[in-house]
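K.L.:
build the 3D model from these lines:
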Amino acid sequence: MKKLTIYILAVAFLLAVFASSVISSPRGRIDREKREEVYEKIRMLRMLRMAEYMDLDTETALRLSEELKKYDDRQKELMKEGRELLSNLKDAVEKNAPESEISPIIAKIKVNMDKQHSLRKEKLESVKNVLNVQQQAKFILFEVQFKKRMTELARKAFGRKRSGAREPRPEGF
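P.N.:
The predicted structure follows:
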């Protein structure tokens with residue numbers, strides 16, 4: 001019962017944070033400061049839920065939190081870069097840019113994707129120093145489920161029906 005109560009409060013908290021961020025910002029966009037605040041709250045919630053799910057003692061939870069923070073910050077930057085590259089690609093396609101303009105953007109997107117993948121692998125390697133094998137397995141399962149749940153909550157909060165859907169899909173999709 002206690003876990004259910006914590007979960008319900010966490011979901012309500014996140015919905016309130018997302019909704020207030022959208023309502024208080026012009027045209028539904030979250031300003032940088034508000035985004036950072038939401039990001040930190042999600043990070044704290046993730047660690048709380050992770051520690052509970054993995055049944056971590058305080059010392060291990062703190063060590064894991066510090067280890068993950070290093071990777072979270074780098075991942076956030078790579079994701080930001082990826083969004084910017086996709087925006088550039090979209091602009092180039094919409095203006096029917098020549099191949100010579102589009103190809104370098106595609107190459108940069110591939111490099112960004114490779115960096116994100118390498119970072120995920122590096123993060124999994126680094127948690128070996130903090131977690132035993134059973135905890136590592138729970139960590140992997142938790143990360144997948146938490147990301148999925150946060151995506152669902154964000155979609156609900158922003159009124160989107162599918163991931164990343166800001167505009168209608170291009171023809172043929």
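
K.L.:
only C-alpha atoms from now on, for both contacts and neighbour counts.
P.N.:
Will do.

K.L.:
how far is stretch 36-49 from where the chain is centred?
P.N.:
Stretch 36-49 sits 11 Å away from the centroid of its parent chain (C-alpha atoms, centre = their mean, to the nearest Å).

K.L.:
stretch 90-105 now?
P.N.:
Distance of stretch 90-105 from the chain centroid (C-alpha atoms, centre = their mean) equals 27 Å.

K.L.:
what's that stretch in contact with?
P.N.:
Contacts with stretch 90-105, where a contact means C-alpha atoms under 8 Å, 6 or more residues apart in numbering, come from 85, 88-89.

K.L.:
among those, which one has the most neighbours?
P.N.:
When neighbours are taken as other C-alpha atoms under 10 Å, the top entry among the contacts of stretch 90-105 is residue 89 (20 neighbours).

K.L.:
from residue 122, how far off is the closest residue in space to it that isn't next to it in sequence?
P.N.:
Nearest-residue entry for residue 89: residue 105, 6.3 Å, with adjacent residues in sequence omitted and distances by C-alpha to C-alpha, 6 or more residues apart in numbering. Noted for residue 105: a distance of 25 Å to residue 122, by C-alpha to C-alpha, to the nearest Å.

K.L.:
more neighbours, these two?
P.N.:
residue 105 (17 against 12).

K.L.:
rounded mean pLDDT for the longest helix seen in the chain, please.
P.N.:
Ranked by residue count, the top helix of the chain under DSSP state H comes out as helix 58-94. The average of the pLDDT scores along helix 58-94 is 93.
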